[in-house]
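[1] quick one, what's the 3D model for this:
(2 chains)
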2 protein chains.
Amino acid sequence: MMLTGQHLIDGAWVGSETQLDAPDSPLPSVHQISEDQIDLAAQAARAAFRAYSATSPSLRADFLDTIAEEIDALGDRIIEAAMAESGLPQARLVGERGRTTGQLRLFAALIRSDGYPDIRHDPALPDRQPLPRPDLRLTRIPLGPVAVFGASNFPLAFSTAGGDTASALAAGCPVIVKGHPAHPATAELVARAIAKAVTRCGLPQATFQMINGAAPAAGAGLVQHPEITAVGFTGSLGAGRALFDLCAARAQPIPFYGELGSINPVFCLPKALETRGAEIGAAWVGSLTMGAGQFCTNPGVLIGVKSAGMDALEAAVIEAMAEAAPQKMLTDRICETYSGAVEELKGKIPVLAKGRDAVAQRNGQPMVFKTDAPTWLGTPDLHHEVFGAAGILVVCETVEEMDAIAEGLEGQLTATLQLDMPKDGARAQALLPVLTERAGRILCNGFPTGVELGSAMMHGGPYPASTDSRSTSVGTLAIDRWLRPVSYQNVPEELLPDHLQADPTGA
Amino acid sequence: MMLTGQHLIDGAWVGSETQLDAPDSPLPSVHQISEDQIDLAAQAARAAFRAYSATSPSLRADFLDTIAEEIDALGDRIIEAAMAESGLPQARLVGERGRTTGQLRLFAALIRSDGYPDIRHDPALPDRQPLPRPDLRLTRIPLGPVAVFGASNFPLAFSTAGGDTASALAAGCPVIVKGHPAHPATAELVARAIAKAVTRCGLPQATFQMINGAAPAAGAGLVQHPEITAVGFTGSLGAGRALFDLCAARAQPIPFYGELGSINPVFCLPKALETRGAEIGAAWVGSLTMGAGQFCTNPGVLIGVKSAGMDALEAAVIEAMAEAAPQKMLTDRICETYSGAVEELKGKIPVLAKGRDAVAQRNGQPMVFKTDAPTWLGTPDLHHEVFGAAGILVVCETVEEMDAIAEGLEGQLTATLQLDMPKDGARAQALLPVLTERAGRILCNGFPTGVELGSAMMHGGPYPASTDSRSTSVGTLAIDRWLRPVSYQNVPEELLPDHLQADPTGA
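    Modelled structure (predicted):
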């Protein structure tokens, strides 16, 4: 399979006049999509929508399974491309591939299940007074063509065939992926796998398309196209907010689901600190430095009250950090941004512990800072996500200071409590409502990295964690992003969608 | 009960320095909220949120039932105030009051039911390889303080204690209503009824608040306040879009649910025309002129193919219109806007039939225009909603012209088919996907006015029918507007919300 750096538009691989360098990629260059090509892709997606949205859930499930098969069939090649482009290690990428195909199969299983699509039925009451009640049947239908922006930090699971693509295809929406410039060969391999699945399943070619190009033109042109009806995005606050603003300012505004990251605070309660302060400190460093800290659920701040347990935690952090190796980051630019953010933090608060020196190029050095509650509360800059293995330890004088930190938090993907029951129960009861108002996922005695796939996962949260706190980007609930309700009133049964015919709810 | 024209802020009725005239109202004047007062109300709502959101669904259900009781206890006074202010007739307002209390009781029943709030549970799998699965429980929680903007055309059912207020209170969100300037006495009476219910149920005083004032300052200040987390709105495209834009441009964007109206096309298929053209024509005029046409579901355009049946329909329209009486409209301004829009239409397409002359002040004269498909397709101005009893009959030469009209529609609340099965089945099958892509509710052999309350109603649609096609403003699904999912991972059972404890799904 020859890789081209081209765009996949309506089933054909096509190039553009302008091309961009593709550093660290097996590809020599990547094509920069033109406005006309964006229009072609969007029109093709619209044309494909009517047929694709009318396919049965079972055909779409087969399609998702076939994509997973075709990704598996790429074998080592996809891992090698992703390793070269992302700098992520083999084991991590093999795991991520499993997550990616697992996600596709999860949505296949969801839409094959009896409960899908959901139905509501209010049967007619012809004798009701003063007016008869009509027959009303409600189901949900796909929105239309969807644009997906993948993430640099998950070249497989949150990219070309990632969660947003899987859930949108499951819902019945054609997808146009804007390929991530940090991993164009990986993206093209996956796009070719999806294109094979499209053909094998006999679906319209424009069910899945991919375009390449640098920000902001490519992305802006895509989300502003009148035929695009919703956008899924994983990335930075700056880029995400810019695209959100474009979506809101359209003549016809559309939903923009941006997952923008978070500092994921970890609150350590007194008894947990007393019992296992050192253990928590070491585990935090493990979670903080994993994958060079390049997770949106990276636990960037840990808060506890001064105590012997907190001292033990601090000592364990210093000890663990001494062993923390520098790791290759995803791109030169991400590494530079990380190093710059660390330098800025150094100007504000003291360093508690450094990881081993970053000697190789594009390596980030792990770093833990330490501060007190008044400094944290008085320095909003400390509350911004640093994408990389940098954390801040906040040592409070009192539990009231810890409460004030919780109350002052911006929106988060996650908030974590380290606690030992029953002793920490009362403090946890006080903190939980505060944290729940500010986060999408609350967890106890673990760390937020590792976002489980399943039916009960919420990955999102109040702004700026995401642009739409009503929605998740991970787990089966994500299919709701791409659906809207429609009521059918007194529509003859033979004209209704199959699953709405014949007393759908047995009512 | 003395009415004041003041604001209800944190349990107290307070006035402002500036006051506005209140034409047609029992009130001499209405107070214009100040920025500081908006801030007080929003802060009070935030302070009330933690306690109110933690109340049991059963207490909130009692609260909703109590509001309904207190509205009923207002007796004739509320009907008289609404008649004076809106010009709507008594029978209509008595019906609307029943709808209002019915809505409150519907949401009470919803949140008392076993299925509420919904729960998802992925139980822990401690032995899973390579990593154990944590226990994950997902539920939905209220967003926070909500702002509600009522509609002029439903002074009860879509206003102070209307659908948005009922669903938001049911969800656990404190509500601040921006009272509609067209019916301030009605609004104050209802607000006083709600305030009594707040006290009777022992809830925080700021669970419900109401502010008064003229646009744009009052509304803009409210939706831009940082403590407001979502907005419900029913009204015009212009006002709704302006508020939507403000919500999207906030530092923390918030959901804005605007129901902005629609032209609600009615497509008449050949066999139905042949069988009952005259009947359809007369029924259309009835629906079009009901309530002076002041419904967002008013069927503003009827489309059919030239035929003997269509001639019969046209003749019946002319006959019915000759009897159509002018009716008092909601406000002077609405009547002026209606008359202006009718004059503009007269400059573009011919009048087919007029209702009786409008002799009294603030009366709108019913009017039906007639045009052909090329004129309709080539004149986008014809596609805009005219709020009032004006309709357009589009006579097509061919069914293909009818298809083209369907394909060219903007987003609609409803789309209607008049059809006779089985003869019209094939044409209906062709039109249904097109209409479903453009509307929130599809109905057959009826008219869209009369929006049923229930579990299977969708009242909303693609923009510009509403600003969020994923959401309904009528029916039980409306509670979703004010909720967001939260996952609890490995949280000790005794710390979980009651309904998530102890194997919530029996899994």
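[2] what does stretch A:2-10 contact?
    Stretch A:2-10 has contacts (C-beta atoms under 8 Å, 6 or more residues apart in numbering or on different chains) with A:13-16, A:19, A:22, A:26-31, A:33, A:37, A:40-41, A:44, A:184-185, A:188-189, A:191-192, A:195, A:205-206, A:208-212. (C-beta placed from N, C-alpha, C; glycine too.)
[3] okay, now residue A:149: neighbour count?
    26 (other C-beta atoms under 10 Å in any protein chain shown).
[4] how near is it to residue A:240?
    9 Å (C-beta to C-beta, to the nearest Å).
[5] overlap in contacts of those two?
    In contact with both residue A:149 and residue A:240: residue A:233, using C-beta under 8 Å, 6+ apart.
[6] can I assume residue A:266 is in contact with residue A:313?
    No. The criterion here is C-beta atoms under 8 Å, and residue A:266 misses it with residue A:313 at 10.6 Å.
[7] now for the two: what residues contact both?
    Common neighbours of residue A:266 and residue A:313 (criterion: C-beta under 8 Å, 6+ apart): A:284, A:302.
[8] tell me which of the contacts of stretch A:2-10 fall in strands.
    When the contacts of stretch A:2-10 are checked against strands (DSSP state E), the matches are A:13, A:14, A:19, A:29, A:30, A:31, A:208, A:209, A:210, A:211.
[9] residue A:312 against residue A:275, yeah?
    No. In this structure residue A:312 lies outside contact range of residue A:275 using C-beta under 8 Å: 10.1 Å.
[10] hmm, residue A:501 is touching residue A:493, no?
    Yes. Contact criterion C-beta under 8 Å: residue A:501 and residue A:493 qualify, at 4.9 Å.
[11] need the longest helix for chain A.
    helix A:90-112 (DSSP state H).
[12] and residue A:258, what element?
    strand A:256-259 (DSSP states H and E).
[13] residues of that strand that come out buried?
    Going by neighbour count (16 or more other C-beta atoms under 10 Å in any protein chain shown), the buried part of strand A:256-259 is A:256, A:257, A:258, A:259.
[14] go back to these and keep what's next to chain B.
    Among the buried residues of strand A:256-259, no residue lies close to chain B (C-beta under 8 Å from any C-beta of the partner chain).
[15] strands of the stretch 101-250 of chain A, start to end?
    Counting by DSSP state E, counting those that start in this stretch, the stretch 101-250 of chain A has strands at residues A:120-122, A:136-142, A:146-149, A:175-178, A:208-211, A:230-234.
[16] CSV for those, including distance to chain B?
    Shown next, in CSV, are the strands of the stretch 101-250 of chain A (distance: least, C-beta to the nearest C-beta, whole Å):
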stretch, distance to chain B
strand A:120-122, 4
strand A:136-142, 4
strand A:146-149, 13
strand A:175-178, 17
strand A:208-211, 20
strand A:230-234, 9
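[17] which one of these lies closest to residue B:337?
    strand A:136-142 (32.6 Å; C-beta to C-beta).
[18] give me the sheet partners of the closest one and which way each runs.
    strand A:120-122 (antiparallel), strand A:483-489 (antiparallel) (DSSP bridges).
[19] so that strand versus strand A:230-234, what angle?
    Relative orientation of strand A:136-142 and strand A:230-234, computed by axes from the mean of the first three to the mean of the last three C-alpha atoms, to 10 degrees: 50 degrees.
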